[in-house]
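Undergrad: When you get a sec, could you give me coordinates for this:
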Amino acid sequence: MDRGDEAMAQQAVGIIVNYRVGPKTQRSRECIIQFSHVKSASEACRLVGRKVAWQKGKNRIVGKIVGLHGRKGLVRARFRRGVPGQALGATIELAG
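TA: Model prediction:
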């Protein structure tokens with residue numbers, strides 16, 4: 001395990017920034033996520049394919065990182081169920 005993987009394991013918490021939106025649509029099953037330790041697209045590429053989980057009380061919604069969003073390290077995650085609006089701005093953790 002190199003230094004980058006150790007830092008990623010320690011700081012495996014991100015923030016849900018927004019839903020994936022278009023000019024006339026909002027996709028509540030896809031979210032844009034920002035991880036504090038990821039600053040570039042090359043670092044974010046290593047997260048693609050990993051699972052993420054949002055939890056509030058007994059509610060736990062699991063998703064998967066499916067791609068990048070831009071060049072500054074943001075990623076897109078697709079969830080099994082739609083994420084509620086109260087999850088925007090909340091923390092999310094890498095589950096696997």
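Undergrad: Excluding sequence neighbours, find me the nearest residue to Arg27.
TA: The shortest distance from Arg27 to any non-neighbouring residue, by Cβ to Cβ, 6 or more residues apart in numbering, is to Arg20 (4.6 Å). In this view, the C-beta of every residue, glycine as well, is placed from N, C-alpha and C.
Undergrad: Can you classify that neighbour by secondary structure?
TA: Secondary structure, DSSP: H, G, I helix; E, B strand; the rest coil: Arg20 is strand.
Undergrad: first to last residue in stretch 45-54, what's the distance?
TA: Start-to-end span of stretch 45-54 (Cα to Cα, to the nearest Å) is 21 Å.
Undergrad: Contacts for it next, please.
TA: When contacts are defined by Cβ atoms under 8 Å, 6 or more residues apart in numbering, stretch 45-54 is touched by residues 4, 8, 14, 16, 33, 35, 38, 60-68, 75, 77, 79, 83, 87, 90, 92-96.
Undergrad: Show me which of these are buried.
TA: Among those, those classed as buried by 16 or more other Cβ atoms under 10 Å are 8, 14, 16, 33, 35, 38, 61, 63-65, 68, 75, 77, 79, 83, 87, 92, 94.
Undergrad: Please report how far the most centrally placed residue in the chain lies from Lys58.
TA: For the chain, Ile33 is the residue whose C-alpha lies nearest the centre (Cα atoms, centre = their mean; 3.7 Å). Distance of Ile33 to Lys58, computed by Cβ to Cβ, to the nearest Å: 22 Å.
Undergrad: can you check Glu43 too?
TA: The separation that Glu43 has from Lys58, given Cβ to Cβ, amounts to 33 Å.
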